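Colleague: with the input below, show me the fold.
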Amino acid sequence: MSNDSANSGSETGQQRFERELSRDAFQGLKAVLDKLSSDRETLRKWVEAASSYEELLSKLGYKLDLTRQIHVQDCYSRLGQAGGIRAVVPYHDVPTHSAFPVLINFNNTVTITPKGVAFFNEMLVALKRQLKVSA
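Modeller: Numbers count the residues shown, from 1 in each chain. Just a heads-up that it's a prediction; the model follows:
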């Protein structure tokens with residue numbers, strides 16, 4: 001029995017959220033969420049309430065901006081107020097050999113490809129399922 005299992009009875013909802021989000025399976029989602037909000041309790045609340053990735057972004061105050069593809073290297077040159085990009089999350093999913101970059105913009109939009117939305121939506125659903133199982 002692992003320490004996580006042994007301690008789950010006294011673990012708070014916030015601690016469980018942080019533990020599950022920190023698992024390797026959710027590292028891409030965690031990387032994006034860490035850039036979107038530093039208020040961890042609000043983040044947990046909206047993750048639990050959202051039924052989709054787009055809804056989660058909306059609850060966090062961001063609008064989805066879909067694009068056909070994202071050239072990550074070009075985006076780094078646009079980091080900052082002048083270029084409009086607040087953060088670049090160049091997530092690469094090793095098991096699928098796929099890149100799902102996410103751009104967080106100063107105008108409260110999140111730029112992502114449709115495949116990226118589907119990927120992070122699946123990841124959000126899996127996280128929510130895991131949070132229910134470990135509750």
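Colleague: and the next helix or strand past the helix or strand hosting residue 56?
Modeller: Per DSSP states H and E: residue 56 is located in helix 53-59. Along the chain past helix 53-59, the next helix or strand (assigned with DSSP H and E) turns out to be strand 63-66.
Colleague: next secondary structure after that following strand?
Modeller: helix 72-76.
Colleague: from the contact counts, what lies against that next one?
Modeller: Secondary-structure packing of helix 72-76 (3 or more CB pairs under 8 Å, 6 or more residues apart in numbering; DSSP states H and E): strand 85-93, strand 98-105. From N, CA and C alone the C-beta is placed, and that goes for glycine too.
Colleague: okay, which residue is most central for the chain?
Modeller: Centroid-nearest residue in the chain: residue 29, 2.8 Å away (criterion: CA atoms, centre = their mean).
Colleague: what sits against that residue?
Modeller: By CB atoms under 8 Å, 6 or more residues apart in numbering, the contact list for residue 29 reads 21, 120, 123, 124, 127.
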